[in-house]
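[1] One predicted model, sequence on top.
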Amino acid sequence: MLGFDDGFRDRGGQPAARLAAGRPAPGFVSEIGGMAEGTGVFVLTETNALVSMSAARFASEDDFQELLGRFPALLAGDQIDTVAPRRFLLIDREQPIASEPGGPDRWALDHLFLDQDGVPTLVEVKRGTDSRIRREVVGQMLDYAANAILHWPVGGLRERFLARCAAAEIDPVEALAGHLGGDQDFDGFWAKVAANLEAGRIRLLFVADRVPPELRKIVEFLNLQMRPAEVLAVELRQYQGEGLRTLVPIVIGQSQQAREQKAGPSAGRPRRLWDEKRIVDRLAGDTTPAIAATAAALISRLKALCDRVVFNDAPNYGAMTAEVDDASGPCGFLRLWTDGNVAVHFNALKRTAAFSNEAARRQLAERLNELPGVAIRPNSLDRQPSIPLSALATDQGAAFIDAMQWLADRLRSEGAN
């Protein structure tokens, strides 16, 4: 059986991978009648012999799934993003998904991966011979995506990852940094995952040994229409010949129009890692010295009252997220932006024990609405309403921090129960 540890060690990423020598590996079946001639796929051996490869199919869907779990590079991250190739870390197979907050698990996703930017990548695997690949799997995946965004607390995903590492006797910090890049901050990475889920920034991958034309059209359409989500298919073709096995992944769905639409005006620009000084300096240049001073004071107070602050790495807009840990993991309850606004993440609070009840979130909104210039509407209690920094100067800033301290104390108190 293919091991969990192998998935961490794999550092591939080539469009084609030679995975076995000698006799064909399990989970590998040659096509009926053979196709040694005319496939256009050849392997040049070390002895300078040219081996013609014949098309083959996977023996079972489970064999197909295990291969992806062991070798995430087969998802062709270098084709998905040619500028910054995606690297994938397997969080779990058969990842459960509920259909309501706190409800029982209703579905099981084939694979959940995270890339180096913390973007959840949902993978469904079907063989081309499975008739469900044409329609049923599309509706199934959209169900998964819609409910995963709403009902996946990042703390739960983190715990599943930690459990897998413990079972394999692997250090989770080293595993994450080694697989996704040596500069990964463990807590900061999971903050990125939470932010991506909140924003609906996910990736849906349909993986098959043959992608039928019907699915190809649907994927191209969805990828063009859905934003910021990305919808792609990976056709993983398999060939065999003289004891060799070759796998060739091909990414489908990336039209030029979809690339430009999703990339936006910042495409190709270098990313920057923001910090407290850069955010304050940007505010001083783009707004007023008074607003920059308010931001500096708020950041200082927030660093003192929360468990951690996390900075983003976007090319244009800087942000600092304040986090407090509750029973389910880190809760990013507030984000201060370089556009001069502070967003209170009621949608993240809704997933915590302390604020799952709307009455508790309403109480927080009422406290904030006592400040002049703040108007959080009743329909924003599961959203991310913004408050201008200009409304949080002097005494009002102190009152705002008092409300944030009350929020943090409540998160910690309920999380300890």
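    Yep, it's here.
[2] Quick one: the helices in the stretch 51-200 of the chain, in order.
    61-70, 77-80, 136-151, 154-167, 172-180, 186-199 (DSSP state H, counting those that start in this stretch).
[3] any chance of those helices in JSON lines, with distance to residue 336 too?
    C-beta here means a position set from N, CA and C on the backbone, and glycine is covered the same way. Shown next, in JSON lines, are those (distance: least, CB to CB, whole Å):
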{"stretch": "helix 61-70", "distance to residue 336": "39"}
{"stretch": "helix 77-80", "distance to residue 336": "31"}
{"stretch": "helix 136-151", "distance to residue 336": "23"}
{"stretch": "helix 154-167", "distance to residue 336": "20"}
{"stretch": "helix 172-180", "distance to residue 336": "26"}
{"stretch": "helix 186-199", "distance to residue 336": "13"}
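[4] can I get those helices in TSV with mean pLDDT?
    Below are the helices of the stretch 51-200 of the chain laid out as TSV (pLDDT from 0 to 100):
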stretch	mean pLDDT
helix 61-70	82
helix 77-80	87
helix 136-151	76
helix 154-167	84
helix 172-180	78
helix 186-199	80
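[5] Looking at those helices, which is nearest to residue 409?
    Evaluated with CB to CB, these place helix 154-167 nearest to residue 409, the distance being 19.0 Å.
[6] Report all helices and strands that the longest helix seen in the chain contacts.
    Ranked by residue count under DSSP state H, the longest helix found in the chain is helix 394-416. If you count contacts as 3 or more CB pairs under 8 Å, 6 or more residues apart in numbering; DSSP states H and E, helix 394-416 packs onto helix 289-305, strand 319-326, strand 329-337, helix 358-369.
[7] and residue 46, how far is that from residue 240?
    18 Å (CB to CB, to the nearest Å).
[8] who's more crowded, those two?
    Neighbours were counted for residue 46 and for residue 240 using other CB atoms under 10 Å; residue 240 has more, 24 against 5.
[9] Now that one: closest residue in space, sequence neighbours ignored.
    residue 56 (4.6 Å; CB to CB, 6 or more residues apart in numbering).
[10] What about the residue lying closest to residue 276 once chain neighbours are set aside, how many residues nearby?
    Distance criterion CB to CB, 6+ apart; nearest residue to residue 276, sequence neighbours excluded, is residue 299 at 5.4 Å. Residues lying near residue 299 (other CB under 10 Å) number 19.
[11] Likewise for the one 4 residues further on?
    Residue 303 is surrounded by 13 other residues when neighbours are defined as other CB under 10 Å.
[12] ok, now which ones touch it?
    Residue 303 makes contacts with residue 309, as judged by CB atoms under 8 Å, 6 or more residues apart in numbering.
[13] Tell me, what's the model's pLDDT at it?
    Looking at residue 303, its pLDDT reads 93.
[14] gap between it and residue 116?
    In this structure, residue 303 and residue 116 are 26 Å apart, going by CB to CB.
[15] can I assume residue 80 is in contact with residue 251?
    Yes. Using CB atoms under 8 Å, residue 80 makes contact with residue 251 at a distance of 5.8 Å.
[16] Give me the common contacts of those two.
    Counting by CB under 8 Å, 6+ apart, the residues touching both residue 80 and residue 251 are residue 232.
[17] which of the two has more neighbours?
    Set residue 80 next to residue 251 and count neighbours by other CB under 10 Å: residue 80 wins out with 22 against 18.
[18] can you pull the contacts of that one?
    Contact analysis of residue 80 by CB under 8 Å, 6+ apart lists 86, 203, 230, 232, 251, 254.
[19] taking those one by one, which sit in strands?
    Among the contacts of residue 80, the residues falling in strands (DSSP state E) are 203, 230, 232, 251.
[20] Poorly predicted segments of this structure, please.
    Scanning the chain for pLDDT under 70 picks out 1-39, 98-105, 128-135, 150-151, 181-185, 255-272, 315-316, 415-417.
[21] try 50 this time
    Residues of the chain that meet the criterion pLDDT under 50 lie in 1-37, 264-269.
[22] ok so, going back, would you list the helices and strands packed on helix 394-416 in JSON lines and tack on distance to residue 68?
    As requested, the helices and strands packed on helix 394-416 are exported to JSON lines (distance: least, CB to CB, whole Å):
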{"stretch": "helix 289-305", "distance to residue 68": "41"}
{"stretch": "strand 319-326", "distance to residue 68": "32"}
{"stretch": "strand 329-337", "distance to residue 68": "27"}
{"stretch": "helix 358-369", "distance to residue 68": "40"}
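[23] Tell me which of the ones you listed sits nearest to residue 106.
    strand 329-337 (21.8 Å).
[24] Quick one: list the elements packing against the closest one.
    For strand 329-337, the packing partners by 3+ CB pairs under 8 Å, 6+ apart come out as helix 154-167, helix 186-199, helix 289-305, strand 319-326, strand 341-344, helix 346-349, helix 394-416.
[25] can I get those in TSV with distance to residue 207?
    Listed next are the helices and strands packed on strand 329-337 as TSV, based on distance: least, CB to CB, whole Å:
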stretch	distance to residue 207
helix 154-167	20
helix 186-199	21
helix 289-305	42
strand 319-326	32
strand 341-344	35
helix 346-349	30
helix 394-416	38
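[26] I am finished for the moment; much appreciated.
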